[in-house]
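Chemist: quick one, what's the 3D model for this:
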Amino acid sequence: QVQLVESGGGLVQAGGSLGLSCAASGRTFSTYFIAWFRQAPGEEREFVAGISRSGGSTSFADSVKGRFTISRDNGKNTVYLQMNSLKPEDTAVYYCAAPPRWEGYSGSERAYTSWGQGTQVTVSS
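Modeler: Numbering: from 1, shown residues only. Below is the predicted model of the structure:
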């Protein structure tokens, strides 16, 4: 497993932008697919975005396509989620997660074995 720590959450007005970071420990970061999930109060945790080990392939939930981008810097062991044109419905705790080493994309949280502690994103109307 890999240790993950999110940062960058906060309060922003609708239409604004916010960037999240997910920092990982260890020297095997480049062998992990990394995803972002989010969980709003009373809701199930849902897939938001994911990025392949090399960064060459990305996936997004339909609800964030065109507004969110995901990138990674394997030299810094960090994945970034840039969120633009934020909406109140984007309010949630955001988690980064990784499946077992060398595993690829999955939209199901059950496939992920390493999780960060989460960071709160609140979008006011």
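Chemist: neighbours of the closest residue to residue 60 other than its chain neighbours, just the number please.
Modeler: Once its chain neighbours are removed from consideration, residue 60 has its nearest residue in residue 49; the separation is 4.9 Å (Cβ to Cβ, 6 or more residues apart in numbering). Where C-beta positions appear, they are placed from N, C-alpha and C, glycine not excepted. Counted with other Cβ atoms under 10 Å, the neighbours of residue 49 add up to 23.
Chemist: for residue 49, what is the enclosing helix or strand?
Modeler: Under DSSP states H and E, the secondary-structure element containing residue 49 is strand 46-51.
Chemist: show me what counts as buried in that strand.
Modeler: Taking 16 or more other Cβ atoms under 10 Å as the neighbour-count basis, strand 46-51 is seen to contain the buried residues 47, 48, 49, 50, 51.
Chemist: distance check, residue 108 against residue 37.
Modeler: When Cβ to Cβ, to the nearest Å is applied, the distance between residue 108 and residue 37 equals 10 Å.
Chemist: for residue 97, same thing?
Modeler: Between residue 97 and residue 37 the computed distance is 6 Å (Cβ to Cβ).
Chemist: what touches both of the two?
Modeler: Taking Cβ atoms under 8 Å, 6 or more residues apart in numbering as the contact criterion, the common neighbours of residue 97 and residue 37 are 109, 112.
Chemist: what's near enough to touch residue 20?
Modeler: 6, 7, 8, 9, 36, 80, 81, 83, 94, 96, 119, 121.
Chemist: swap in 10 Å and give it another go.
Modeler: Under the criterion of Cβ atoms under 10 Å, 6 or more residues apart in numbering, the contact partners of residue 20 comprise 6-10, 36, 48, 68, 70, 79-83, 94-96, 119, 121.
Chemist: pull out the buried members of those residues.
Modeler: Neighbour counting with 16+ other Cβ under 10 Å marks 6, 8-9, 36, 48, 68, 70, 79-81, 83, 94-96, 119, 121 as buried within the contacts of residue 20.
Chemist: out of those residues, which is nearest to residue 28?
Modeler: Nearest to residue 28 among these, counting by Cβ to Cβ, is residue 79 at 14.2 Å.
Chemist: thanks again, I'm all set now.
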